[in-house]
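> sequence plus predicted model, see below.
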Amino acid sequence: MHNLVKQTPSLNYIKKFFWNTPTVMTISLAKDGTYVDVNESFAKAMGVPRPDIIGMSSTNMGWITPDQRSLLATAISKNGFAENIELEGKVQGKPLLGLFNATPITINKKAMWLTAITNLSAMRRARAYNENILLKSLTAIVGTGVVLLRVHRKGDPDIFFINEEAKRALRKRSMKNLMNVLSGDGSTYLMNRGEFYHAKLISTNPGSPLQIILTERLPDTLFIKEQLEQTDLTPRQMEVAYLASIGRSNREIAQKLRISEYTVKDHCKDIYQKIGVNNRYQLISKILKTGRV
C-alpha cells in the first residue's frame with residue numbers, strides 16, 4: 001500500500017476552481033472592499049465586464065451600502081468569518097437579495113476577503129408566490145376565522161393577515177386584550193351581533209413572534225336556549241338569561257318582556273347565583289365553554 005502524502009492544492013488548481021465554479025465569488029481588500037479579482041459568475045450576475053469591476057468596490061458601485069459591509073466586517077472580527085448573512089443590494093437598479101459567506105485570506109502579505117454569494121432573489125420570489133397562494137386559500141375559508149400576527153415583547157400585536165370571518169368575530173375588539181386572555185387560557189368565547197365564536201391560540205415554534213388565532217363560528221341562539229332548558233331556572237329567568245346571553249341590555253330586556261329594569265336586575269342576580277357566575281359575560285362563556293350550565 002502506498003503511503004498517502006498530504007499536498008497543498010496548487011495555485012493553478014485554486015484559480016481554476018475560482019474561475020469555473022458557478023458560485024459567485026470575489027476576492028477583495030479587507031480594509032476597503034476594493035476588488036482584486038472576481039470570477040465569471042460574479043461578473044455575469046452583476047452585468048458588468050470583469051475589467052470594469054477590478055479596482056472598484058461593492059460600495060462605490062452601489063451594490064451594497066457601507067453599513068451593510070460593516071456587518072460582514074463585524075462578523076469576521078468577532079467570529080473569524082462571516083456566515084450566511086443576508087444583504088439586499090441593488091444590481092442594475094433592481095433589488096437583489098444575497099446570502100454572503102466571507103473568510104479572511106492573505107495574498108502577497110495583504111489582508112483580503114474571499115467571499116461567496118448566493119442569489120436568494122429567485123427563492124424569495126418563489127416564497128412570495130407560495131405565501132400568496134396560502135393567503136388566498138385562507139381568505140376563501142368560510143366559517144373559520146384566521147388571524148396571523150407578530151407579537152413583540154413591547155407594543156401592540158402586529159396583524160399582517162386577517163380573513164373576513166375573523167374580522168366579523170373580532171369586530172371592535174382590542175387585539176392586545178384578546179391576546180392577554182388567550183395567552184393565559186389558550187381559548188375564549190366571543191359574541192358579536194348575535195353570533196358566537198370560539199377563539200383559540202395556535203402554538204408556533206418556541207420563541208417565534210408568529211402567532212395564529214382561529215375563530216370558529218358556533219351554533220346560533222337555539223343552542224343557548226337548549227342549554228338553558230337544562231337548568232333549574234324558572235321560565236321567566238330563562239327568558240331573561242337568554243336575552244342577556246345574546247347581548248341585550250337591561251333596558252332592552254325590560255322593554256321586550258314588559259317589566260321594569262329593576263326587575264331585570266333582580267332576575268339577573270338570581271340567575272348568576274344559580275349558575276355560579278358574576279355577570280352576563282361569564283354566563284355566556286360558561287354556557288359555550290362547558291356545553292351546559
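Sure thing, it's come through. Numbers count the residues shown, from 1 in each chain.

> show me where the protein has its strands.
24-29, 35-38, 82-91, 94-107, 110-119, 144-150, 158-162, 187-192, 195-202, 210-217 (DSSP state E).

> okay, buried residues for the second one please.
Neighbour-count burial for strand 35-38, counted by 16 or more other Cβ atoms under 10 Å, picks out 35, 37-38. Every C-beta, even on glycine, is put in place using the N, C-alpha and C of the backbone.

> what's that strand packed up against?
Strand 35-38 sits against strand 24-29, helix 50-53, with contacts defined as 3 or more Cβ pairs under 8 Å, 6 or more residues apart in numbering; DSSP states H and E.

> got these as a markdown table, with mean neighbour count, mean pLDDT and distance to Ile253 columns?
Shown next, in a markdown table, are the helices and strands packed on strand 35-38 (neighbours: other Cβ atoms under 10 Å; pLDDT from 0 to 100; distance: least, Cβ to Cβ, whole Å):
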| stretch | mean neighbour count | mean pLDDT | distance to Ile253 |
| --- | --- | --- | --- |
| strand 24-29 | 20 | 91 | 73 |
| helix 50-53 | 13 | 91 | 79 |
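
> for Gly145, find the nearest of these.
Evaluated with Cβ to Cβ, those place strand 24-29 nearest to Gly145, the distance being 44.7 Å.

> partners of the closest one, with directions?
strand 35-38 (antiparallel), strand 110-119 (antiparallel) (DSSP bridges).

> and of the ones you listed, who's closest to Val240?
strand 110-119 (67.9 Å).

> the closest one: which residues count as buried?
Quick answer for strand 110-119 (16+ other Cβ under 10 Å): 112-117, 119.

> ok, residues contacting it?
By Cβ atoms under 8 Å, 6 or more residues apart in numbering, the residues outside strand 110-119 that reach it are 23-31, 33, 36, 42, 45, 72, 76, 96-106.

> and the furthest pair within the buried residues of strand 110-119?
Met112 and Asn119 (22.6 Å).

> Phe18 is in contact with Val38, isn't it?
No. Between Phe18 and Val38 there is no contact under Cβ atoms under 8 Å: 9.2 Å.

> overlap of the contact sets of those two?
With Cβ under 8 Å, 6+ apart, Phe18 and Val38 have common neighbours 25, 27.

> can you pull out the helices in the stretch 151-293 of the chain?
Using DSSP state H, counting those that start in this stretch, the helices of the stretch 151-293 of the chain run over residues 164-169, 175-185, 222-228, 235-245, 250-257, 261-275, 280-290.

> any idea which of these gets closest to His198?
Closest approach to His198 among those (Cβ to Cβ): helix 280-290, 7.0 Å.

> which elements pack onto that closest one?
By 3+ Cβ pairs under 8 Å, 6+ apart, helix 280-290 packs against strand 187-192, strand 195-202, helix 222-228, helix 235-245, helix 261-275.

> quick one: neighbours of Thr106, just the number.
Counted with other Cβ atoms under 10 Å, residues neighbouring Thr106 total 9.

> who does it bridge with?
Bridge pairing for Thr106 - DSSP bridges - gives Ala111.

> so for it, what's the pLDDT?
pLDDT recorded at Thr106 is 89.

> same thing with Val142?
Reported pLDDT for Val142: 67.

> got it, and Leu190?
On the pLDDT scale, Leu190 gets 78.

> now it: closest residue in space, sequence neighbours ignored.
Leaving aside its sequence neighbours, Leu190 sits nearest to Tyr197 (Cβ to Cβ, 6 or more residues apart in numbering; 4.4 Å).

> Leu228 now?
Using Cβ to Cβ, 6+ apart and skipping the chain neighbours, the partner closest in space to Leu228 is Met238 (4.8 Å).

> how near is the one you found to Ile159?
Distance of Met238 to Ile159, given as Cβ to Cβ, to the nearest Å: 39 Å.

> do the same with His198
Taken as Cβ to Cβ, the span from His198 to Ile159 is 19 Å.

> looking at this structure, which helix or strand is least sure?
helix 121-139 (a mean of 62; mean pLDDT, DSSP states H and E).

> quick one: pLDDT of the spatially most central residue of the chain?
For the chain, the residue nearest the mean C-alpha position is Leu210 (3.8 Å; Cα atoms, centre = their mean). Reading off the confidence values, Leu210 has pLDDT 81.
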